[in-house]
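1. Predicted structure and sequence below. I'll ask about it afterward.
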Amino acid sequence: MIPWLPAGSDFPPPEHALDDPNGLLAAGNDLSAATLVRAYRLGIFPWYEAGQPILWWSPNPRCVFRPGDFHISRRLLRHLRGADLSFHLDDDFAGTLDACAAPREPGGGTWITTAMRTAYLRLHALGHAHCLTVRQDGELAGGIYGVQLGGVFFGESMFSTRTNGSKSALAMLWALAPRLGIRLLDAQVENPHLMRLGAYLMPRADFQRELDRLIVETSPRPWPKGPFRWQEG
């Protein structure tokens, strides 16, 4: 059993999360900005579907990237070098949320509920949540959004409307990581796509230590707007 948390409650220690389903820690609480910042600082994130209570997760192990880990295939590199791409930071956070929330297949659902959308728009207004989008030939091709606390970017979701859209966005996020102060990217849960891009699995205890090391304070960090073009080195 997992605990039910009244609104505004403290979270139980992440190591109390279930093994099956992996990482399920608690239910309830709320999606206020203060609660979300407190959760991410502990390596906890919300993930649930419409009709469910808010569910909080801390999987073990954690899927992460470090700067330099991102693997750019020859095909992706040709795309980054040759396509007419421009990259934009925080230019359309609401649009990025909506693109990520769009069903991946006809009749499919989404975990970005109305309440989640409102919560992350609030985080963005406060300067904690950010997005990076890529345009190809002037048209939206892909993007990513997440939450940054200190030197950690907690990636929430990506989308593609054209081939290599999300890969290009992630590649540019890592190219800009030094400028943005990002030293670790949390991808939450592994999948074959992320692992092919260079992600690796970190035990929860090690991930918690990295959060303690990289998040000295949680003040919002503004991002430059761009646009940016792909540059190597």
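-> Okay, I see it. Residues are numbered from 1 along each chain as shown.
2. my read is His130 is in a helix, agree?
-> No. Looking at His130 with DSSP: H, G, I helix; E, B strand; the rest coil, it is strand, so not inside a helix.
3. in which helix or strand would I find Ser166?
-> According to DSSP states H and E, Ser166 maps onto helix 165-175.
4. Using CSV, write down the CA coordinates of that helix.
-> Taking C-alpha atoms only, helix 165-175 is exported to CSV below (Å, rounded to 0.1, in the frame of the first residue of the first chain):
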residue,chain,number,x,y,z
GLY,A,165,12.2,16.6,-34.4
SER,A,166,12.6,15.5,-30.8
LYS,A,167,16.1,14.2,-31.3
SER,A,168,17.2,17.5,-32.7
ALA,A,169,15.6,19.3,-29.8
LEU,A,170,17.4,17.1,-27.3
ALA,A,171,20.7,17.4,-29.1
MET,A,172,20.4,21.2,-29.0
LEU,A,173,19.5,21.1,-25.3
TRP,A,174,22.8,19.4,-24.6
ALA,A,175,24.7,21.7,-26.9
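5. Show me which residues of it are buried.
-> Buried residues in helix 165-175, counted by 16 or more other C-beta atoms under 10 Å: Gly165, Ser166, Lys167, Ser168, Ala169, Leu170, Ala171, Met172, Leu173, Trp174, Ala175. (C-beta placed from N, C-alpha, C; glycine too.)
6. Which one of those residues is nearest to Phe87?
-> Closest approach between the buried residues of helix 165-175 and Phe87, by C-beta to C-beta: Met172, at 4.6 Å.
7. Phe93 touches Leu126, doesn't it?
-> No. Between Phe93 and Leu126 there is no contact under C-beta atoms under 8 Å: 11.7 Å.
8. about what we covered before: can you name the secondary structure element that comes next after the helix holding Ser166?
-> Once helix 165-175 ends, the next helix or strand along the chain (criterion: DSSP H and E) is helix 177-180.
9. quick one: buried residues of that next one?
-> Using 16+ other C-beta under 10 Å as the test for burial, helix 177-180 gives Ala177, Leu180.
10. Can you pull out the residues in contact with that helix?
-> Contact partners of helix 177-180, identified using C-beta atoms under 8 Å, 6 or more residues apart in numbering, comprise Pro67, Gln148, Phe153, Leu173, Arg183, Leu185, Arg221, Trp223, Pro224.
11. Mind listing what's buried along the worst-scoring helix or strand of the chain on mean pLDDT?
-> None of the helices or strands of the chain scores lower by mean pLDDT, DSSP states H and E than helix 192-196, at a mean of 89. Within helix 192-196, the residues scored as buried using 16+ other C-beta under 10 Å are Leu194.
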